[in-house]
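Asker: Structure, please.
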Amino acid sequence: MSAHIPVEVLGRYAAGDPGIAPDVLWATETHLERCADCRGRLADASDGDTVALLAAVWVRVEAARTTAAPTTARRRWLPARSARWVTPVFVPWLATTVLVVLVALGFDLAVAGRHAAPPSLVVLLAPVAPLLGVASAWTRRLDPAHELVVATARAGLGLVLRRTLVVLVVVIPVLAVAGWLVGASPARWLMPCLAFTAGALALGRLVGLPRAAWGLALLWAAVVVGPSIVTARLPVLLTEAALPGWAALTVVVALALVPRPGGYAELR
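Answerer: Numbering: from 1, shown residues only. Coordinates of the predicted model:
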């Protein structure tokens with residue numbers, strides 16, 4: 001709906017027609033959020049009982065607002081529009097991710113130059129480093145406003161992708177700097193990092209995003225990180241020969257997200 005809502009769709013929406021397709025319903029509600037003209041048309045299309053009910057509700061709301069005691073306005077450290085991209089829940093998890101990378105960097109610098117030194121811990125942890133932040137992008141346990149967000153018309157995969165992009169924008173530069181300090185090229189870990197992020201989003205529709213992210217991180221730690229530290233050898237999965245496989249896996253997983261973009265619009 002690039003211009004305005006068609007008359008037929010607006011009439012069906014005002015009448016509460018349950019036969020409206022989900023994508024049309026979503027587009028209608030999204031358009032009504034930012035179009036005052038269509039909201040006015042919606043009021044005209046509503047029946048007299050609905051208009052009278054809304055008027056009575058607004059009278060009570062205004063009365064309650066005028067009689068309520070004034071409250072001290074609290075300064076928001078995040079603009080209201082930023083809720084589409086970040087939530088306050090992100091801050092501790094992103095800080096924890098940065099701290100883990102710094103600890104791994106300190107370990108690499110401490111053992112640098114030693115005989116039979118283990119592979120870079122920064123490289124080993126980089127593929128799953130963003131999963132801490134990704135796990136907090138869509139979770140009812142950590143986000144107190146999760147149920148309100150799910151009830152909005154903008155809830156869904158698009159909102160989760162925005163928040164995931166914020167995580168990657170914060171974490172990937174930190175990993176790049178840490179890798180540069182230990183002499184590790186981003187070519188070793190960047191594609192696995194994107195593959196794990198996309199995999200968490202794909203599995204998150206089935207088991208929940210936190211479970212998917214933590215499950216993949218624990219699997220990587222048990223199968224790759226632990227054995228690599230014990231054997232003091234870089235795993236084949238993080239060599240340049242494995243990059244085409246990671247790229248193909250990323251594309252396949254990303255395509256798996258396309259058929260059901262509304263998978264994250266449900267309150268589980």
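Asker: tell me the secondary structure for residue 87?
Answerer: coil (DSSP: H, G, I helix; E, B strand; the rest coil).
Asker: so residue 122 makes contact with residue 102?
Answerer: No - contact criterion CB atoms under 8 Å: residue 122 and residue 102 do not qualify, at 9.6 Å. Any C-beta I mention is one placed from the backbone N, CA and C, and that applies to glycine too.
Asker: Go ahead and flag the most central residue of the chain.
Answerer: Taking CA atoms, centre = their mean, the centroid of the chain lies closest to residue 160, which sits 3.1 Å from it.
Asker: Output stretch 200-219 as CSV, nothing but the C-alphas.
Answerer: What follows is stretch 200-219, C-alpha atoms only, in CSV (Å, rounded to 0.1, in the frame of the first residue of the first chain):
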residue,chain,number,x,y,z
ALA,A,200,20.3,-19.1,15.0
LEU,A,201,17.6,-17.0,13.4
ALA,A,202,16.4,-20.0,11.4
LEU,A,203,16.3,-22.4,14.3
GLY,A,204,14.9,-19.7,16.6
ARG,A,205,11.5,-19.8,14.8
LEU,A,206,11.2,-23.5,15.9
VAL,A,207,12.7,-23.6,19.4
GLY,A,208,13.0,-19.9,20.4
LEU,A,209,15.9,-17.6,19.6
PRO,A,210,17.7,-17.9,23.0
ARG,A,211,17.6,-21.7,22.9
ALA,A,212,18.9,-21.7,19.3
ALA,A,213,21.7,-19.3,20.0
TRP,A,214,22.9,-21.0,23.2
GLY,A,215,22.5,-24.5,21.6
LEU,A,216,24.7,-23.6,18.6
ALA,A,217,27.3,-21.8,20.9
LEU,A,218,27.6,-24.9,23.2
LEU,A,219,27.8,-27.2,20.2
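Asker: measure residue 64 to residue 55 for me?
Answerer: To residue 55, residue 64 is 15 Å away according to CB to CB, to the nearest Å.
Asker: ok, now how distant is residue 264 from residue 158?
Answerer: Noted for residue 264: a distance of 9 Å to residue 158, by CB to CB.
Asker: Among the two, which residue is more densely surrounded?
Answerer: Remark: of residue 264 and residue 158, residue 264 carries more neighbours, 22 against 13, as counted by other CB atoms under 10 Å.
Asker: Enumerate every residue touching that one.
Answerer: Contact analysis of residue 264 by CB atoms under 8 Å, 6 or more residues apart in numbering lists 138, 155, 156, 157, 159, 160, 204, 205, 209.
Asker: The same query, at a cut-off of 7 Å, please.
Answerer: Contact analysis of residue 264 by CB atoms under 7 Å, 6 or more residues apart in numbering lists 138, 155, 156, 157, 160, 205.
Asker: Just list the residues touching the residue nearest to the first one when sequence neighbours are not counted, thanks.
Answerer: What it means is residue 138. Sequence neighbours aside, residue 209 is the residue nearest to residue 138 in space, at 4.6 Å (criterion: CB to CB, 6 or more residues apart in numbering). Contacts were defined as CB under 7 Å, 6+ apart; by that measure residue 209 touches 134, 135, 137, 138, 139, 200.
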